[in-house]
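Engineer: Please work out how this folds:
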Amino acid sequence: MQRYKCTVSYDGSSYCGFQIQPKDRTVQGEIEKSLRKLHKGKEVKIQASGRTDAGVHAKGQVIHFDSSLEIPAEKWPVALNTLLPHDIVIQDAEVVSESFHARFHVKSKEYRYIIQLGERRDPFRRSFTYYYPYTLDVEAMKEAINHFVGEYDFTSFCSAKTDKELKVRKITSVHLEREEDTLIFSFKGNGFLYNMVRIMVGTLLDVGRGRKSPQSIPTIIEKRDRMAAGKTASANGLYLWKVDYED
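Structural biologist: Residues are numbered from 1 along each chain as shown. So this is what the prediction gives:
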């Protein structure tokens, strides 16, 4: 048996999230279905760096799986992509040690969130950006986003549905850029809670509209109260951008 590590990109619009579910179409389900075909009906399970919700996309999701097939690493993307739906693409593959784990060996993750501004929504970007038609103070949002850098208990920015008891996470870098009618948020850290990025973005939008001040972010963090933060931004603007691993 050989262990393979793959980078996967997908458009999450048509899926009920990444993690396999008994009755719903998922990204994991489609990848495992393709692996099953290659292995003549034998089940091959994959492990991922983490789950993404329904409607969330990925540019750099990472998975691993074990296989006894004598396929060179560089041929795995071709073999799988011919069987996968067109909205899931294996970008690369490499042989890794049998001790490697796509989830447990993650060093950091980067998520990006993309918002379309303007008077009219672009119908061709509707699945890939969150349309927000209101005037925003972007400079105030840039000031506010920096308050997320550090190691904190992010209970205020976590869905009540989370199954994680420990809610301390470390955010190492944040950025907010405007490119014409597009806002691009990026958050990099050692881990993220359920809906954490979407709630942080929703809170930053409140800052942009003057409903919260940039200086309110530390107070919201300290409260450890989900009701103190903003709404959960839509799933379609969120991307799992990159996953880094320990050397």
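
Engineer: Alpha carbons of the helix or strand harbouring Ser186, as CSV, please.
Structural biologist: Using DSSP states H and E, the element containing Ser186 is strand 182-189. Extracted C-alpha coordinates of strand 182-189, given in CSV (Å, rounded to 0.1, in the frame of the first residue of the first chain):
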residue,chain,number,x,y,z
THR,A,182,-14.6,43.2,-5.2
LEU,A,183,-13.5,42.9,-1.5
ILE,A,184,-11.2,40.0,-0.7
PHE,A,185,-10.7,39.0,2.9
SER,A,186,-8.0,36.5,3.9
PHE,A,187,-7.5,34.8,7.3
LYS,A,188,-4.6,32.5,8.1
GLY,A,189,-4.3,30.6,11.3
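
Engineer: partners of that strand, with directions?
Structural biologist: As defined by DSSP bridges, the strand partners of strand 182-189 come to strand 106-116 (antiparallel), strand 168-179 (antiparallel).

Engineer: avg pLDDT for stretch 34-46?
Structural biologist: For stretch 34-46, mean pLDDT is 97.

Engineer: Pull the residues that contact it.
Structural biologist: Contact partners of stretch 34-46, identified using CB atoms under 8 Å, 6 or more residues apart in numbering, comprise 28, 31-32, 63-67, 69, 79-80, 83-84. Just so you know, the C-beta spots here come from the backbone N, C-alpha and C atoms, and that holds for glycine as well.

Engineer: May I ask which of these has the most neighbours?
Structural biologist: Within these, most neighbours by other CB atoms under 10 Å means Ile31, with 27 neighbours.

Engineer: Could you give the number of residues near Lys142?
Structural biologist: Lys142, neighbours per other CB under 10 Å, totals 18.

Engineer: Which is the succeeding secondary structure element to the helix or strand containing it?
Structural biologist: Assigned by DSSP H and E, Lys142 belongs to helix 138-145. Proceeding N to C from helix 138-145, the next assigned helix or strand is strand 150-153, under DSSP H and E.

Engineer: That following strand packs against which elements?
Structural biologist: strand 168-179 (3 or more CB pairs under 8 Å, 6 or more residues apart in numbering; DSSP states H and E).

Engineer: What are the buried residues along the strand it packs on?
Structural biologist: Arg169, Ile171, Val174, Leu176 (16 or more other CB atoms under 10 Å).

Engineer: Tell me which residues touch Glu177, please.
Structural biologist: Leu183, Ile184.

Engineer: wait, is Ser34 part of a helix?
Structural biologist: Yes: Ser34 sits within a helix when classified using DSSP: H, G, I helix; E, B strand; the rest coil.

Engineer: Quickly find the element holding the nearest residue to it once chain neighbours are set aside.
Structural biologist: Spatial nearest neighbour of Ser34, excluding adjacent residues (CB to CB, 6 or more residues apart in numbering): Leu83 at 3.9 Å. Leu83 is part of no helix or strand when elements are defined by DSSP H and E.

Engineer: Quick check on Ala48: phi, psi?
Structural biologist: Dihedral angles phi and psi of Ala48 (degrees, to the nearest 10) take the values phi -120, psi 160.

Engineer: Need the residues that contact stretch 130-142.
Structural biologist: Applying CB under 8 Å, 6+ apart, the set of residues contacting stretch 130-142 is 113-119, 121-122, 125, 176, 178, 183, 204-205, 207-210, 213-214, 233-234, 236-237.

Engineer: can you rerun that using 7 Å?
Structural biologist: Contacts of stretch 130-142 with the rest of the structure, by CB atoms under 7 Å, 6 or more residues apart in numbering, involve 115-117, 119, 121, 176, 178, 204-205, 207-210, 214, 233-234, 236-237.
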